[in-house]
Every structure is written in C-alpha cells, then in structure tokens.
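**Q** build the 3D model from these lines:
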Amino acid sequence: MKDKRRLYLMIAMARFREEKNGDSVRISKFYQRDYIALQLIVNFLLTTVAFILLLAFVAMYNLETLLSNLNELNFRPVFAAVIIIYFVFLGVYTVIAFTRAKIRYVRAQSDMQQYQNALDRLNRMYREEDRLKQRDDDDDDFYFDDDDDDEDDDD
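**A** Next comes the predicted model:
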C-alpha cells in the first residue's frame, strides 16, 4: 500500500512539472522585487515600441492631412500632447504589468511550496521504509538456529 501511495505521489509530481512547464521553477528562482523589476523593464521597452508603432500608424493614416497643414502646424502643442499620451499609455500598462507580475510570482511561490511539500512527503515515505527495513534487518541478527544448539547438547 505504501508503494502505491508513493507511486501516485510521484505521478502527481511529474504531472506538476509537465503542466507548469518550468515557469514556476524559473520564476521562483528570483527574489520578488527582482522578478517584478525585470517584468517592468520588459514592459517599458515593449510599451515604448508599441507606442511608437501606434504613433507611426496614426501618422500614416493622417499623412495627407499632416502634409497639407505642415506649414501651419504648431509642433510644440502636438509634441506635448504626444508625450502626455505616451506617459498615460505607459502608466496604464505599467500598472497592468506590475499586477500581472505580482500575481504570477505569488502563484509560482505557492506552486513551488506545494511541490516542496510533496517532496517532503516522498522523502518521509522513503525514510519510513528504510527505518522498517533496518528494524527487520536488526531483528534477523538476533535469530539463532535451534539445530546448532541441539548438536552441542549431545556431546
């Protein structure tokens, strides 16, 4: 029965490794602050690239209007509006990235704690089995053969 429980536990642990695909292990190797900081840096770079692409698409869509009003266009208010929109865009996505990174880290830590608990249970099962084997081996050492005693009495 113990071997069956141990086998089921090992199958569950292997299934955990397959399902999580190493994400929990990779995330849990970081400290929380480092993981979140890394995610925020990646978010900053990707958000900046996305904003530049979005700005380029809007400019290309309105290219005819921009070129016809190029002489009369005041660049200072347009540039200020673009920067304000960029910071709002960046702020929204930074809050989303922070929340997502925090949730992923907490879930990874929880998953790894469950995995560690399963490893501890498996280790206890093996130690218990070793202890029982050791006790059985010790009991066998004290076993005496009755045939040897009978021969000594005949002499």
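**Q** ok, now which ones touch residue 80?
**A** Residues near residue 80 by Cβ atoms under 8 Å, 6 or more residues apart in numbering: none. Bear in mind the C-beta positions are built from the backbone N, C-alpha and C, glycine included.
**Q** how near is it to residue 15?
**A** Taking Cβ to Cβ, to the nearest Å as the measure, residue 80 falls 55 Å from residue 15.
**Q** over to residue 66?
**A** Residue 66 is 57 Å from residue 15, by Cβ to Cβ.
**Q** what about the two, which has more around it?
**A** Shown here are residue 66 and residue 15; by other Cβ atoms under 10 Å, residue 66 has more neighbours (14 against 10).
**Q** just want the most central residue of the chain.
**A** residue 24 (1.8 Å; Cα atoms, centre = their mean).
**Q** element containing it?
**A** Remark: residue 24 resides in helix 23-28, with elements defined by DSSP states H and E.
**Q** swap in residue 11?
**A** Going by DSSP H and E, residue 11 is in helix 2-20.
**Q** any idea of the mean pLDDT in that helix?
**A** For helix 2-20, the mean per-residue pLDDT is 81.
**Q** re earlier: right, and the helix or strand after the helix holding residue 24?
**A** helix 32-61.
**Q** name the surrounding residues that touch the helix or strand following that following helix.
**A** Sequence-wise, the next helix or strand downstream of helix 32-61 (DSSP H and E) is helix 63-68. Helix 63-68 has contacts (Cβ under 8 Å, 6+ apart) with 59, 73.
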